[in-house]
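Novice: Predicted model and sequence below, questions to follow.
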Amino acid sequence: MIEVFFRWRSALCQVLSTSSGPYLDSIADELVQQGFGRWKLRQRIYGAAHFAHWSDAAGKTLEQLHEEQVPAFRLHLSTCSCPGWSRRPHSDISIVAGAHALIRHLRKRGVLKLPAPVAASPEMPTLVQGFNEWMVQRRGLKQGTLRGYGGAIRDLIETLGDAPDEYTAHSLRAFVLKRVSGASRAQALLVTTAMRNFLRYLVAQGRCRPGLEGAVPTIAMWRQAALPRYLPGADVNLIIDACERSTPVGLRDRAALLLLARLGLRAGDIVALRMGDVDWREASVRVTGKSRTEIKLPITQEVGDALLEYVNMGRPPAETEHVFVRMLAPWRSLAVSSISALVSRAMSRARVDFPCRGAHVLRHSAATEMLRQGATLDQIGAVLRHQYLDTTGIYAKVDVNRLTEITLPWPGVQP
């Protein structure tokens, strides 16, 4: 198969002459299935063959290849004088990626004798592990929230020790005040919330004196003090129309933007959306969200058409069930940061200047637009999947027309 990727017979013979030669066809098959184009695939094949050639010269057999040899191979590339290999116009990154592709393939085929290295990761303290399991089971917290809590809790254990029965109100208060010094209000709130939840867990486990969570100082945060940041409907339409529908990327971005702007989905909802969550017959989409409670939201004609156009004409044939995937190989689902990035790029193309450039601004915009169209706060809260009406109440402050109906005249001023 790899013959079709090489223009010169000499180059093909060179890569096939290495000990990796018998496996290059199947490696190319895998790369094609992952969506690699001709140029990138050829770079990976060169890298795999060069790595095998370097190993052969060092007296290593194919069965002795290992991930730990890759750093030495990368160092070799900087001074490579291998006949025929050093002149190849490929970057070191592509060559090293080919070496990893060869090792993964050989390991999958059972060729390699040495076991794969165990990924080194910082050991999670037992207290933190128990807290995470408890919060997932009792509170239904997501892993992202627990990761946000983890840093402060690990710092607490390193500072005060792993014997919670020795914690005192004074030491806890001093730790929190030092930890939040210089932090933003939102970061300080995250730290204090993590501390209180962790101490409540310790109390529930009998590891800490009851009531000690009261020693954590309160950060002044006035509910509903700020206005939600949103875009007017005209600007939202400009952002959506800025997506080029003649390209796969444009079709994908437009479908994602419409889900954010019309249904008020979060970036995490877009990332988690799977093909089975879309019910084309009933024109609805199933979303789980933060509370782990499934809800079906109706799809408007505009959103449905954009999704169908993307799936049929823009989405690559990726094996993953996720709806929104990368357009460049290897095909895999997008990250949450990718959703905010595509929103920011669309805002730049539409020349919409706004301080907030992430995905959440479109969620706020969807809520305020629903309010202006006459929807009640209960209805908006149901669409946004808010657990409490107080959370939705912040949008009442942006309905200026209704607010003017209840305002009182200033004394001495004629209306």
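Specialist: Now that the structure is in, tell me what you want to look at. Note that the structure is predicted; figures quoted are calculated from it, not measured.

Novice: how about the strands of this protein, start to end?
Specialist: Remark: strands assigned in the chain by DSSP state E are 278-279, 284-287, 295-298.

Novice: contacts for the first one?
Specialist: The list of residues contacting strand 278-279 from outside it, by CB atoms under 8 Å, 6 or more residues apart in numbering, reads 285-286, 296, 299, 307, 323. Any C-beta I mention is one placed from the backbone N, CA and C, and that applies to glycine too.

Novice: And stretch 312-327, by the same measure?
Specialist: 33, 35, 247-252, 255-256, 270-278, 307, 311, 331-334, 338-339.

Novice: Return the alpha-carbon coordinates of it using PDB.
Specialist: Only the C-alpha atoms of stretch 312-327 are listed here, as PDB (Å, rounded to 0.1, in the frame of the first residue of the first chain):
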ATOM      1  CA  ASN A 312     -23.400  14.600   6.200                       C
ATOM      2  CA  MET A 313     -20.900  16.900   4.500                       C
ATOM      3  CA  GLY A 314     -18.300  18.100   7.000                       C
ATOM      4  CA  ARG A 315     -17.700  15.500   9.700                       C
ATOM      5  CA  PRO A 316     -14.700  13.100   8.900                       C
ATOM      6  CA  PRO A 317     -15.400   9.300   9.200                       C
ATOM      7  CA  ALA A 318     -14.000   9.100  12.700                       C
ATOM      8  CA  GLU A 319     -14.500   6.000  14.700                       C
ATOM      9  CA  THR A 320     -15.500   7.900  17.800                       C
ATOM     10  CA  GLU A 321     -19.200   8.400  18.600                       C
ATOM     11  CA  HIS A 322     -18.700  12.100  19.500                       C
ATOM     12  CA  VAL A 323     -20.400  14.400  17.200                       C
ATOM     13  CA  PHE A 324     -17.800  17.200  17.200                       C
ATOM     14  CA  VAL A 325     -14.300  16.000  16.300                       C
ATOM     15  CA  ARG A 326     -11.000  17.400  15.100                       C
ATOM     16  CA  MET A 327     -10.600  17.900  11.300                       C
END
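
Novice: Check the offset of it from the chain's centre.
Specialist: Relative to its parent chain, stretch 312-327 has a centroid offset of 16 Å by CA atoms, centre = their mean, to the nearest Å.

Novice: Show me which residues of that stretch are buried.
Specialist: The neighbour-count check on stretch 312-327 (16 or more other CB atoms under 10 Å) flags 314-315, 318, 322-327 as buried.

Novice: gap between the nearest residue to Arg229 once chain neighbours are set aside and Ser348?
Specialist: Leaving aside its chain neighbours, Arg229 sits nearest to Cys356 (4.8 Å; criterion: CB to CB, 6 or more residues apart in numbering). Using CB to CB, to the nearest Å, Cys356 is found at 14 Å from Ser348.

Novice: Comparing these two, which shows the higher neighbour count?
Specialist: Cys356 (17 against 13; other CB atoms under 10 Å).

Novice: Could you report the distance from the more buried one to Ile299?
Specialist: For Cys356, the distance to Ile299 - CB to CB - is 26 Å.

Novice: swap in Leu231?
Specialist: Following CB to CB, the distance that separates Leu231 from Ile299 is 22 Å.

Novice: What of Ile2?
Specialist: Counting by CB to CB, the gap from Ile2 to Ile299 is 44 Å.

Novice: Right, I'll call it a day here.
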